[in-house]
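Q: 3D, please:
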Amino acid sequence: MACPLEQALALMVTTFHKYSGKEGDKYKLSKAELKELLNKELPVFGSKQMDEAEFKRLMNDLDHNKDSEVDFKEYVCFLACITMGFNELAAVPMACPLEQALAVVVATFHKYSGNEGDKYKLNKAELKELLLKELPSFSKQTSEASLQQLMSNLDCNSDSEVDFQEYVTFLACMAMMCNDFFQDLPDKMPRRK
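A: Alright, predicted model coming up:
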């Protein structure tokens, strides 16, 4: 059985596809599909109180390529930003599965960060332990050299540690890889219950 962090990443992918394609391109969210996703899956985000002008601004901010739809990359970048906010609101109870998945992302980081040194960052040993225990499907195929390269790539500010933003960026990339894999093999996509 997959670990909670792997399940959280899978849920991010399946939630997107639960709503995408109801009105056109099956790999993108229309304005109405995004609104439905926000209302049903991320109520803590406050979408129910969002007026039409605010929603239009949000849609415009998310739609980087200006095609009036939100693709998976734009969606996962949005989730990464929300997760950064959830890191600040860790005590707020999360009711919906997608919110709970984002809470798992936050809790997993804090479970490993600060075991040695800065409690808001992961050093190489902490990152390695997190990968081995929380992302075993990924880490069992990762050599020590690959882990060192990953650490270097994630450590944007060259402080030999991975902060929360760098960690969330990594998980966003992992979610995009999962989505790309399942787009090519739709019969293998995990299904939501």
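Q: and stretch 157-170, how far apart are its ends?
A: Length of stretch 157-170, first residue to last, Cα to Cα, to the nearest Å: 14 Å.
Q: correction: the previous question concerned stretch 66-79.
A: Using Cα to Cα, the end-to-end distance of stretch 66-79 comes to 19 Å.
Q: hang on, Ala32 in a strand?
A: No - per DSSP: H, G, I helix; E, B strand; the rest coil, Ala32 lies outside any strand segment and is helix.
Q: ok, so what distance separates it from Pro136?
A: 38 Å (Cβ to Cβ, to the nearest Å). From N, CA and C alone the C-beta is placed, and that goes for glycine too.
Q: looking at those two, which one has more neighbours?
A: Taking other Cβ atoms under 10 Å, Ala32 and Pro136 do not tie; Pro136 has more neighbours (14 against 11).
Q: my read: the more buried one touches Cys3, true?
A: Yes - Pro136 is in contact with Cys3 according to Cβ atoms under 8 Å; the separation is 6.4 Å.
Q: for the most centrally placed residue in the chain, give me its contacts.
A: Central residue of the chain (Cα atoms, centre = their mean): Ala172, 4.7 Å from the mean position. Taking Cβ atoms under 8 Å, 6 or more residues apart in numbering, we find Ala172 in contact with Val76, Cys77, Leu79, Ala80.
Q: buried residues, the helix or strand that contains it. List them.
A: Counting by DSSP states H and E, the element that carries Ala172 is helix 164-184. By 16 or more other Cβ atoms under 10 Å, the buried positions in helix 164-184 come out as 164-172, 174-176, 178-179, 182.
Q: kindly report the same for stretch 133-142.
A: Across stretch 133-142, burial judged by 16+ other Cβ under 10 Å covers Glu134, Leu135, Phe138, Ser139.
Q: distance between it and the chain's centre?
A: Relative to the centre of its chain, stretch 133-142 is centred 17 Å away, using Cα atoms, centre = their mean, to the nearest Å.
Q: and Glu116, that one's in a helix?
A: No - read with three-state DSSP, Glu116 is coil and lies in no helix.
Q: measure it to Tyr167 for me?
A: 16 Å.
Q: also Leu147?
A: Computed as Cβ to Cβ, the Leu147 to Tyr167 distance reads 14 Å.
Q: do the same with Pro136
A: For Pro136, the distance to Tyr167 - Cβ to Cβ - is 17 Å.
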